[in-house]
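Peer 1: task: produce atomic coordinates for the following.
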Amino acid sequence: MMKRGAGFSESPGTNRRWSSQRERKRVTLRDAIKGDTHFIRDLSQKVFCMYGPYEELLPLWFESWPTVTILADTVRKPVGFAMLGMPSRRGQFEFVGELLAIAVEPQEHNMGVGNRIMGEVIRRAETLQIDMLILHTAPENHAAKRLFLKHGFVPGKVKERFYSEGQDAIMMWRSIP
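Peer 2: Take a look at the predicted model:
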C-alpha cells in the first residue's frame, strides 16, 4: 500500500501533487458580476442545502449593498466564491466584517481554491480597514474549520439553532492586522 503523499511511478500528469499545483496556477480571482448569480445560486444549492435555502438567500445578498463577492475562475468556468459583508461598527472604534459564505465546487476541493479565496477575503478586509472578521460554520464542517484555522480564525461561542434548518454554528473570528 502506497503512503499518502508518496511519489508516483506514472508520468507527471498523473501525480496528484503536480496536478494540484498546476490547477492552482490557473485560478484567477475577480469581483463577481450580475451574470454570476446563476453560478452562486447553483453552488449554494450544492454545498449549503442542508442548512437552509441559501440558494435563495445568497443571490439576494450578492445583489445587495454592502456585500463584496469574490469569484474564483478557471480558464473554463467559475469554481468558487466568497461573500464578505461590509463592516458595521461594534463598540466605539472597531469595524467588524463578516464572511457570509465561502464555497468551492466539490470536484475542486483540495486544489488550493479555498486558500486563494480566503487570502483574497483577508486582503480585501485589510483594504476596507476592517478590524475584525467573523464567520459562522457548522461544528461538523471539519474541512471549513481547518481552512479557517489555517487562516488565523479562532473558535468562539456556539450559537444554538443558528441555521434555518436548526443546526448549531460555531462563531469564529480573527483580527485584521
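
Peer 1: from now on I want contacts and neighbour counts done on CA atoms only, so please keep to that.
Peer 2: OK.

Peer 1: dump the residue contacts of the residue most central in space within the chain.
Peer 2: What sits nearest the mean C-alpha location of the chain, by Cα atoms, centre = their mean, is residue 102, with 2.4 Å. Residue 102 is in contact with 80-83, 114, counting by Cα atoms under 8 Å, 6 or more residues apart in numbering.

Peer 1: equivalent analysis for residue 69, please.
Peer 2: Residue 69 neighbours (Cα under 8 Å, 6+ apart): 31-32, 62, 81-84.

Peer 1: excluding its backbone neighbours, what's nearest it?
Peer 2: Closest residue to residue 69 apart from its sequence neighbours, by Cα to Cα, 6 or more residues apart in numbering: residue 83 at 4.5 Å.

Peer 1: and what of residue 40?
Peer 2: residue 59 (6.6 Å).

Peer 1: that neighbour against residue 37, yeah?
Peer 2: Yes: counting by Cα atoms under 8 Å, residue 59 does reach residue 37; the two are 5.8 Å apart.

Peer 1: tell me what the longest strand seen in the chain is packed against?
Peer 2: When the chain is parsed with DSSP state E, its longest strand is strand 78-90. Packing contacts for strand 78-90, counted by 3 or more Cα pairs under 8 Å, 6 or more residues apart in numbering; DSSP states H and E, involve helix 37-48, strand 67-73, strand 94-104, helix 113-127.

Peer 1: show the subsequent helix or strand relative to the one helix or strand in the chain whose mean pLDDT sits lowest.
Peer 2: Every helix and strand of the chain was ranked by mean pLDDT, DSSP states H and E. The lowest is helix 16-26, at a mean of 47. Counting by DSSP states H and E, the element after helix 16-26 in chain order, helix or strand, is strand 28-31.

Peer 1: name the helices or strands packed onto that following strand?
Peer 2: Using 3+ Cα pairs under 8 Å, 6+ apart: strand 28-31 touches strand 67-73.
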